[in-house]
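Participant: 3D, please:
(3 chains)
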Amino acid sequence: MLKDITLGQYFPMDSVVHKMDARYKIIITMLFLVMLFWGQHLTALIAGLFFVIVATALSWIPPKMVIRSLKPIISILVITGLLNLFMLDGGATLFQWKFLKITEQGVQTSVFMLVRICLLIAGTSLLTYTTSPIVLTDAIESLLSPLKKLNMPVHELAMMMTIALRFIPTLIEETDKIMSAQKARGADLESGNIIQRAHALVPILIPLFVSAFRRAEELALAMECRCYHGGEGRTRLRVLKSGMRDYIALGLMILMLAAVIVLNAVLY
Amino acid sequence: MESLIKIDNVRFSYQNTEEPEKQTEVLKGISLEFEHGELVAVLGHNGSGKSTMAKLLNAILLPTEGTVTVAGMDTKDEDKLLDIRQHVGMVFQNPDNQIVATIVEEDVAFGLENLGVPTDEMRARVDQALHAVGMYEFREHAPHQLSGGQKQRVAIAGIIAMRPDCIVLDEPTAMLDPQGRKEVMRTIKLLNRDYGITVILITHEMDEAAQCDRVIVIDHGTVHMDAPPEKVFSHVREMRELGLDVPQPTELCDLLRQSGYDLDPEIMTPEAAADAIAKLLTDKK
Amino acid sequence: MPILEAKDLTYTYSIGSPFEKTAVDHINLQIGQGEFVGIIGHTGSGKSTLMQMMNGLLKPTAGTVLLDGKDIWEKGADRRSVRFQVGLVFQYPEYQLFEETVYKDIAFGPKNMGLDEKEIDRRVRETAEAVGLKEELLEKAPYALSGGQKRRVAIAGVMAMEPRVLILDEPTAGLDPKGRTKILSQLRQYHKRTGCTVMLVSHSMEDVAKYVSKLLVLSHAKVVCYDTPANVFARGDELEKMGLALPQITRVFRLLRDRGITFPDEVYTVNYGAELLRARLEGREPQC
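Facilitator: Alright, predicted model coming up:
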């Protein structure tokens, strides 16, 4: 059943990482990404691996969960790996069969690429594992707030994201119900070719859209009744607070990034 | 003392831009007053104009003719809009479509956030509101983990956190099961009794209307009856003609009265009906 | 032979997860041909899950559903045809309307059955009439109708498949009293005219009591009782303990009994109650 899909990646725990200010977590994750892609050399990857291991340990997230986050991208990994392996030409030839050729450069690049993508996914999943979507939205709004001066609708975007998060479970449940109802009227959703199947979705998509619009209208009315008038003059129940641990974490991250940059410049 | 809400000779038509001549008048001259601390039910079949009337009370809609005054403020006064909506809160039928946030306590805070209430005070008012509706222990739940009745109580908490004088509820129990209905009715009555909040309850459930102090029957955009529930329900045939119902005990006594037995037409509860019928039977002997 | 039968029927959601929940727990049930069964039970008692198993939308975790004595999950059984024979109207069915016209929407089911145009046309017109939809509404868009009309279009859409068993999950939820009475009385007429089996899930004891021949009470995934309304309401205290409110008229007569005024049968409709009292007052036998 659709309902059984676990929503969001949040994994509630009481760890240091969970308690960190989400804004700092976002900045640190971004620095982590910069570091991963800094130069084509081993230092960045070792530092990245170190970061992921330490962060996983501190967050009390079972390592199994972090590894599981890689599952959806296995096909991407295989394709990038193979492409890099066969396409790149350089260094000694290790293997050749007709037009297929594997070179030293190819092996090195594809391994680097694979490790890099794995670390990228693992690192960003740690952010979503340790931060609830709603807090994440708040943090993004707060980080982007300087853009308000440029007339960017930062508050509106954050509000839209909050509402989307709020209504995902509702709409999933609704889809489930509409599907059952149409099946009860003999709709055949499981057989036929692609065109037939796409056609069979019409009786599900139309009611779903109609219902989403109806909900949007009612929600807008309810929000208006509760004095919603945009982001101007709004206060918040939950205020993002940063403390010593956030500063230390950010400081360490900057140090690590600096070390990678310096090592890269010196060693290569 | 001045009434909390005054509806003075109000007419209302929805704008039909395509065919202006086909414009239908939904409210045809309504005058009503609501006092502080009242518990009022509004009855009427679908399309009678009762929901439109409700939306006039907090300036979601503005009268085409006539005036609506809330605590001395004309709802047409745009500068007072937020003030008016803070005075008159509104709860709707579908609990799913009025909860904005993904966590209960944040949803309750939504109105306060809009009003710019400082965080410390907000915290206190949110907790208080959650206690008042008995949902405090669910404050960190996600809305989709709650039952219909619980969601509706969260929606009510979101309104009372704004400390309104009046709550208008538009068929708040229509989508709930009997258990949820009971919870919501209990909450509404408690808010009215203990906090002195004026409650205007639009409903199709006759037993809910029977629990109020005053019942207003709207039909075809006019006020058809405005009286205590036992008076309103005593007009059994008239209520039927309006597409409404009466409590079963009232109906039973009405049938017996039609057969010539002397029973009080204002009987509403099973207890009162049983007493009256028992008396009738013993007198007979 | 009963038309529909549940044998040791069980359904468990999210097996193996922390949210594991048995919604239907070893239920045994026989629904006779032509019966009008009311089903009551509070939210979470397993009503909806049971209904969805009865027409093969959900596969039981254990146990069997028999239609005409044949297991609907047997190898090679045609489950689509089961759904045509056991029609299910969901809660708030108007939200599933999707065609441009009322006519096309009612025709959706019959079309899926592979019927010819002429037969579809007959069924659409007949069922539209049965639910009180005027001819001129058929060419209108469903969205242009009132809430009550939309509801009746959706019910007609299932009736048009001419199922032998028609199951309705709270068909009157959210309607005004007039709309409720209209749907219920049309349902009764439909039941009388077609002789098909009807199962009506409802929260309203008052409504159920007026229309059904048998009453199924569910609580905590199990059957509490399955009997005639009179016999079910005779166990009123038990029902009230489960949080199911008795019809108010039944409560009047229970209060009378407390005052020493007794009647042989449990009373659950106003007309019957009034007649009993009139007869008692006039010292004659009640005519019912």
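Participant: please count neighbours and contacts with C-alpha atoms only from this point.
Facilitator: Noted.
Participant: helix or strand next in line after the helix or strand containing A:Ile53, which one?
Facilitator: If you go by DSSP states H and E, A:Ile53 is part of helix A:42-59. Going down the chain from helix A:42-59, the next helix or strand is helix A:63-68, by DSSP H and E.
Participant: you'd agree A:Val66 is up against A:Ala122?
Facilitator: Yes. With contact defined as CA atoms under 8 Å, A:Val66 reaches A:Ala122; the gap is 5.8 Å.
Participant: which sections of the chain are below the confidence cut-off?
Facilitator: I'll assume chain A. A:1-9, A:40 (pLDDT under 70).
Participant: that was the other one, I meant chain B.
Facilitator: Those would be B:1, B:17-22, B:285, if you go by pLDDT under 70 across chain B.
Participant: show me what from it comes close to chain C.
Facilitator: B:45-46, B:174-175, B:177-179, B:204, B:243-245, B:247-249, B:251-252, B:255-256, B:259, B:270-271, B:273-275, B:278, B:281, B:284 (CA under 8 Å from any CA of the partner chain).
Participant: quick one: which of those sit in helices?
Facilitator: Mapping those onto helices (DSSP state H) picks out B:178-179, B:248-249, B:251-252, B:255-256, B:270-271, B:273-275, B:278, B:281, B:284.
Participant: separate out the buried members of those.
Facilitator: Among those, those buried by neighbour count (16 or more other CA atoms under 10 Å in any protein chain shown) are B:178-179, B:248-249, B:251-252, B:255-256, B:270-271, B:273-274, B:278.
Participant: please identify which of the residues you listed is nearest to A:Ala187.
Facilitator: Closest approach between these and A:Ala187, by CA to CA: B:Pro178, at 33.3 Å.
Participant: which residues does that closest one contact?
Facilitator: Neighbour list for B:Pro178: C:His42, C:His203, C:Leu244, C:Ala245 [criterion: CA atoms under 8 Å, 6 or more residues apart in numbering or on different chains].
Participant: most neighbours out of these, which is it?
Facilitator: C:His203 (24 neighbours; other CA atoms under 10 Å in any protein chain shown).
Participant: distance of that residue from C:Ser45?
Facilitator: Per CA to CA, to the nearest Å, C:His203 is found 12 Å from C:Ser45.
Participant: swap in C:Asp71?
Facilitator: C:Asp71 is 24 Å from C:Ser45, by CA to CA.
Participant: do B:Met239 as well
Facilitator: With CA to CA as the criterion, B:Met239 and C:Ser45 are 35 Å apart.
Participant: low-confidence regions, chain C specifically.
Facilitator: For chain C, the ranges with pLDDT under 70 are C:17-18, C:288.
Participant: just want the most central residue of it.
Facilitator: Residue closest to the mean C-alpha point of chain C, counted by CA atoms, centre = their mean, is C:Leu200 at 1.1 Å.
Participant: which residues touch it?
Facilitator: C:Leu200 touches C:Phe36, C:Val37, C:Gly38, C:Ile39, C:Ile167, C:Leu168, C:Asp169, C:Glu170, C:Pro171, C:Val208, counting by CA under 8 Å, 6+ apart.
Participant: my read is the second one is in a helix, agree?
Facilitator: No. C:Val37: not assigned to a helix; according to DSSP: H, G, I helix; E, B strand; the rest coil it is strand.
Participant: what's the neighbour count on it?
Facilitator: Neighbours around C:Val37, by other CA under 10 Å: 25.
Participant: quick one on the thing from earlier: who's in contact with the helix holding A:Ile53?
Facilitator: Residues contacting helix A:42-59 (CA under 8 Å, 6+ apart): A:13, A:15-18, A:32, A:35-38, A:62-63, A:66, A:112, A:115-116, A:119, A:122-123, A:126, A:130, A:256, A:260, A:263-264.
Participant: quick one, strands of the stretch 1-150 of chain C?
Facilitator: According to DSSP state E, counting those that start in this stretch, the stretch 1-150 of chain C carries its strands in the segments C:4-13, C:21-31, C:36-40, C:62-67, C:70-71, C:86-89.
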